[in-house]
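Q: One predicted model, sequence on top.
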Amino acid sequence: MAQIDNIRVVAPQSRQQADYVVSGELRKTERSWETQARMTRTATGEVVWTVPVSGVVDESDLGLQQSRLVAGVGYPLALRINALINADTQPVTPEGRSSAGSAKVVIEQATASITQTSRERFATAQSMLEKALGEDPDNVDLAIALAALQMRGVQMVWYDPAESAAAEASAESILKRALRVKPSSIPVLDAYCRFLNAINEFTESLVVCARTLNFNPWHAPALTHIGLAQLQAGRFEEALASFKQADRYDTPQVSRWTWQLNVGMTYLLMSRSEDALPWLKKSIAITPASGRSHMLLSAAYTGLNQPAEAKAAMDKAMALRPGSNLGNVLLPPKNASPVFIKATEWIVKAFLAAGLPEH
C-alpha cells in the first residue's frame, strides 16, 4: 500500500490516526490460496470495500502466486482509495437525481445504443454524450466515455478524414480538461494513456502511463501501454519486462490474453519464434476469436520452418477477420523507431508467405 502515491500508510498501532483500516486473512487449502481483505472507515466502523482473491497452489512458482495474490488485493484496493479521494459532492437535479447518477444513466444508454454496432447508433451515442457533457462539463465519467467513443469512431473509420482529425483533437481536448479537473484520477489517467498510445505519441504516453502506476502500481493495462511504447521505440528488452510484469500481476484478468499476446509479439520482433509460440498459444486459449493472435502464431510457425502450420493459423485468422490485409493489420508506423520498423520486416514476409493478402 505504501507504493500508492497519494496516501500515507501508518502502522497498526497508529490506527487512531488513520481514516481507514485495511485488514484481511490468508489461508491455504489443498488446492488454492485464498485471501479476504476489507477496508473499514475508522470513524464509523463502516466496511467501505471488500474483496475475495484466490489462486491455484503451484509449488513450482511461489513467487508468481505471491505476485498475483498481492495484485489481486492491491489493484481493486487502489481503485477504491482513488475513487474516495476523487469523490465529488454532486449537485442534485430538479428531478431529484445527482448529476453523477444522471451521467451514469446517459453513459449506460449511449453504450446500449452501440451494442449492435452501426454508424447510425454510433452517431446517436455521440450526440447523447456530447449533450450531457455540455450540461455538466466537469463530469470526468462523461468526458472519458465521449473521448473513448470518438477514438472508437476513428479506429472503425466511421469519420471521413476531416472528421477523423477533428474527433481526435476533440478527444484530446476533452481528456486534457478532465485531467485538469482531476489530475490524480486513475480512470482519467488511464483513458489519456490509452489515447496517447492510440495516436502513437509514445514519449508522452510513457509519462502519463507511468503516472497511472503511481496511483495503482498493479495496473497491468498501464504496464501494457508502457510496453507498447517501449516496443515501438525499439526497446525490446524493456517492453518484454513490462509485458511479463503485467502477466505476473494479471489484473484485471479479463485482459490477460493481451499481455500474453504482446509477450509473444515481442519475442517475434526479437526473432525468437520458439519463445513466442507458447505465449501466443496461451493467448489464443483464453481469447480464441481475436484473429490477431492467429496471425502472429502463423509468423512464429514460419520462423520455425513449419509452413503447413503457418498457413493453417493464417487461414483461421482470415476466417475470424475477413477482409484483413497487410495494410490494416500492422501497427501504424507513425513515430515508430527505425529499429522497430526494421524488426517488423520479416514478420511482414511471414504474413504474406502464410497467405495474408497484401491489399
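A: Structure received.
Q: Kindly check the end-to-end length of stretch 25-38 for me.
A: By CA to CA, to the nearest Å, the extent of stretch 25-38 from end to end equals 9 Å.
Q: Now it: buried residues?
A: By neighbour count on 16 or more other CB atoms under 10 Å, the buried set for stretch 25-38 is 33, 35, 37, 38. C-beta: built from backbone N, CA, C; applies to glycine.
Q: ok, residues contacting it?
A: 22-24, 47, 49-57, 65, 69, 72-73, 77 (CB atoms under 8 Å, 6 or more residues apart in numbering).
Q: Next up, phi/psi of residue 48, please.
A: Note on residue 48: its backbone torsions stand at phi -100, psi -10 [degrees, to the nearest 10].
Q: Tell me the pLDDT of it.
A: Residue 48 is assigned 94 on the pLDDT scale.
Q: mind listing what it touches?
A: By CB under 8 Å, 6+ apart, the neighbours of residue 48 are 20, 39, 40, 41, 80, 84.
Q: Mind checking which of those are in strands?
A: Counting by DSSP state E, these place 20, 39, 40, 41 in strands.
Q: how far away is the second one from residue 126?
A: Using CB to CB, to the nearest Å, one obtains 37 Å as the distance from residue 39 to residue 126.
Q: ok, back up a step: tell me the one of the ones in strands among the contacts of residue 48 nearest residue 313?
A: Distance to residue 313 across the ones in strands among the contacts of residue 48 (CB to CB) is lowest for residue 39, with 46.1 Å.
Q: Can you name the residues bridging to that closest one?
A: residue 22, residue 49 (DSSP bridges).
Q: My guess is it contacts residue 51. True?
A: No - applying CB atoms under 8 Å as the test, residue 39 and residue 51 come out as separate, 9.2 Å apart.
Q: More neighbours: these two, which one.
A: residue 39 (20 against 17; other CB atoms under 10 Å).
Q: got a pLDDT number for that one?
A: Taking residue 39 on its own, its pLDDT is 95.
Q: Show the contacting residues for it.
A: 20, 21, 22, 47, 48, 49, 50, 77, 80, 81 are the contacts of residue 39 under CB under 8 Å, 6+ apart.
Q: Report the contact partners of the fourth one.
A: If you count contacts by CB under 8 Å, 6+ apart, residue 47 has them with 38, 39, 40, 41.
Q: so where does the residue lying closest to residue 329 once chain neighbours are set aside fall, helix or strand?
A: With sequence-adjacent residues excluded and distances taken as CB to CB, 6 or more residues apart in numbering, residue 329 is closest to residue 295, at 6.3 Å. In the assignment (DSSP states H and E), residue 295 maps to helix 292-303.
Q: heading toward the C-terminus, what's the first helix or strand past that helix?
A: Downstream of helix 292-303, the first helix or strand assigned by DSSP H and E is helix 307-320.
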